[in-house]
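**Student:** Sequence first, then the predicted structure, then my questions.
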Amino acid sequence: MEKLLIIGLDCATPQLVFDQFAADLPNLRSLWEKGTKARLRSTIPPITVPAWSAMMTSKDPGQLGFYGFRNRAAYDYENLFFANSKYVKEKTVWNYLNRNRLSTLVFGVPQTYPPKPLNGIAVGCFLTPDKNAEFTYPPEIKAELDKAADGDYIIDVKDFRTDNRDWLIEQVYLMTDHRFKAFRHFYKKEDWPFAMMVEMGIDRLHHGFWRFFDKQHRLYEKGNRYENVIHDYYVFVDKEIGKLLDDLDGKTSVMVVSDHGAKNMKGAICVNEWLQKKGWLKLKQQPKGPSKLKMDNIDWEHTRAWSEGGYYARMFLNVQGREPKGVVPKAEYEKFRNEVKAALEAIEDESGKNIGTRAFKPEEIYKAVNGIAPDLIVHFGNLDWRSAGTIGGGKIHIYENDTGPDDANHAQEGIFIWDLDPKRFAQTGDEFSIYDIAPSVLRYFGIEVPADMIGKSLIR
């Protein structure tokens, strides 16, 4: 019987895994030397939610109906929902496998909280609010999970945007050690045809320590005490993967994937400050200093657009007949949206150089547009800059993150490694699509790939 183990490393970055750190990652290297490696082109936007669900369903964010962690629930100004598993309506890889009587172990994969019943075991993801919630299926394995994880299974490091760097290192190592121990325990208990785990630690340390190792970062200081933190953690993860590989039976194929990569973050564009200067956003009262944009402080009768911050920007237009106090006439919607798009893509840095922003119309990049999509999805500086949603600072460009210490933005390319015989691959090249993973898994198990999956199987 064919068996497959998928190891997910949130935010693992190709230039580090395949180049800069490759010599020190013998276990990962052994996998790609047997099979293949490539960059894995992520979703737009390239963030944890929706990227992992897109990978596991071969459906894009528009088809899935969520465009990030927070999404508009209605065309009002306040209602947002957090996209947990309840909002994943498309079938995942393990749904198809279960339907074909194959049991599955699903461990920490983003958007699996709250866990749904399945033929196997599921442990929920970082969206779990705390361990008092029901985050395992079946529920009764919670005690066993803690015991297997040295007494305390850690779902996530909640406050990873912190200046307490030593604490962050300690917590990430503890989380990772306990997750791999718990996963190995459950993995060895049964003969799983399919098992998958996702570790979040790389993402947390990238955001906390990128400035300390990247010589191109404006705050990098040679010889600083944290210079090797990211490298050493990758080495640690590689050793944990090695322990997993030691448990394999010779019949199990191993795939390693990430949902996106990371890159140096030059700074942030204060998108609502920018909208205010363009005359498209008006406040009732100007804040005395940088603060969160409050919907009840917006003068909606004189506001044409507003935005949410994050690693990318979600731009919303205030449209007549759509929003409660819309002012942009429907007949002028497309003309105004084009005007905003052009203005965004013309944004310059403080020296007057265009930063290379890309503003996307959802209907042009997705197969469908379900739910309530942003009017524009914006990658500032092609993700060299993040979006700051705060307002009141008076500046368009800032160089400290508005939601806590953060040195890295997400990059469009993650990693793909599969130890499968290269002769089995139908596609070749140094870059594949995140949408190709689900059809490849189904093809591996001899299951017909549904016609509505938008990716293509990488294997014959």
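**Tutor:** Great, that's in hand.

**Student:** going forward, measure contacts between C-alpha atoms and count neighbours the same way
**Tutor:** OK.

**Student:** Show me what the helix ranked longest in the chain is in contact with.
**Tutor:** When the chain is scanned for its longest helix (criterion: DSSP state H), the result is helix 165-189. With contacts defined as Cα atoms under 8 Å, 6 or more residues apart in numbering, helix 165-189 is touched by 105, 107, 145-146, 148-150, 152-157, 160, 162, 195, 197, 199, 201, 204-205, 208, 229, 233, 237, 240, 244, 247.

**Student:** same thing but 6 Å
**Tutor:** With contacts defined as Cα atoms under 6 Å, 6 or more residues apart in numbering, helix 165-189 is touched by 148, 149, 153, 154, 201.

**Student:** got it, and stretch 408-419?
**Tutor:** Taking Cα under 6 Å, 6+ apart as the rule, stretch 408-419 contacts 13-14, 31-32, 34-42, 46, 207, 210, 254-265.

**Student:** same deal with stretch 363-375?
**Tutor:** Under the contact criterion Cα under 6 Å, 6+ apart, stretch 363-375 has outside partners 62, 63, 65, 72, 314, 315, 316.

**Student:** any idea which of these is closest to residue 140?
**Tutor:** Ranked by distance to residue 140 (Cα to Cα), the contacts of stretch 363-375 are led by residue 65 at 32.1 Å.

**Student:** Report the buried residues of the longest helix of the chain.
**Tutor:** By 16 or more other Cα atoms under 10 Å, the buried positions in helix 165-189 come out as 168-169, 171-187.

**Student:** what does stretch 21-40 give?
**Tutor:** Of the residues in stretch 21-40, those buried under the neighbour-count criterion (16+ other Cα under 10 Å) are 21-22, 24-25, 27-29, 31-33, 35-40.

**Student:** Could you do stretch 190-197 as well?
**Tutor:** Buried residues in stretch 190-197, defined by neighbour count with 16+ other Cα under 10 Å: 192, 193, 194, 195, 196, 197.

**Student:** Just flag the most distant two among those.
**Tutor:** Farthest-apart pair in the buried residues of stretch 190-197 is 193 and 197; separation 13.8 Å (Cα to Cα).

**Student:** now the end-to-end length of stretch 290-303.
**Tutor:** Taking Cα to Cα, to the nearest Å as the measure, stretch 290-303 stretches 20 Å from start to finish.

**Student:** Would you mark the buried spots in that stretch?
**Tutor:** Residues of stretch 290-303 classed as buried under the neighbour-count rule (16+ other Cα under 10 Å) are 290, 292, 293, 298, 300, 302, 303.

**Student:** quick one: which of the residues you listed is nearest residue 277?
**Tutor:** Distances from residue 277 to the buried residues of stretch 290-303, taken by Cα to Cα, are shortest for residue 303, at 12.0 Å.

**Student:** Nearest to residue 5, out of the buried residues of stretch 290-303: which one, please.
**Tutor:** When the buried residues of stretch 290-303 are ranked by distance to residue 5 (Cα to Cα), residue 292 comes first, at 42.6 Å.

**Student:** Identify the spatial nearest neighbour of that closest one, chain neighbours not counted.
**Tutor:** Leaving out its chain neighbours, the residue that sits closest to residue 292 by Cα to Cα, 6 or more residues apart in numbering is residue 390, at 4.6 Å.

**Student:** Kindly report the same for residue 237.
**Tutor:** residue 176 (7.8 Å).

**Student:** can you tell me how far that neighbour sits from residue 399?
**Tutor:** Distance, residue 176 to residue 399, by Cα to Cα: 30 Å.

**Student:** Check residue 303 too.
**Tutor:** Following Cα to Cα, the distance that separates residue 303 from residue 399 is 27 Å.

**Student:** OK, contacts around residue 451?
**Tutor:** Contact partners of residue 451, counting by Cα under 6 Å, 6+ apart, are absent.

**Student:** ok so, going back, pull out the buried members of the contacts of helix 165-189.
**Tutor:** Among the contacts of helix 165-189, those classed as buried by 16+ other Cα under 10 Å are 148, 149, 153, 154, 201.

**Student:** how about the contacts of helix 165-189, which pair is most distant?
**Tutor:** Pairwise distances among the contacts of helix 165-189 were taken by Cα to Cα; the largest, 19.0 Å, belongs to 148 and 201.

**Student:** Quick check: the gap between residue 302 and residue 339.
**Tutor:** The span separating residue 302 from residue 339 equals 17 Å under the rule Cα to Cα.

**Student:** go on, residue 117?
**Tutor:** Distance of residue 117 to residue 339, computed by Cα to Cα: 47 Å.

**Student:** In the buried residues of stretch 21-40, find the pair that's most separated.
**Tutor:** Spanning the widest gap among the buried residues of stretch 21-40 are 24 and 40, at 21.5 Å by Cα to Cα.

**Student:** Can you pull the domain assignment for the protein?
**Tutor:** Under automatic domain parsing, the residue ranges defining each domain of the chain are 3-263+410-444, 267-405.

**Student:** the helices in the stretch 101-250 of the chain, which residues?
**Tutor:** Secondary structure of the stretch 101-250 of the chain (DSSP state H, counting those that start in this stretch): helices at 142-148, 165-189, 201-213, 229-246.

**Student:** Let's have those helices in TSV, adding distance to residue 384 and mean pLDDT.
**Tutor:** Supplementary listing: these in TSV, determined by distance: least, Cα to Cα, whole Å; pLDDT from 0 to 100:
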stretch	distance to residue 384	mean pLDDT
helix 142-148	39	97
helix 165-189	23	97
helix 201-213	13	95
helix 229-246	20	98
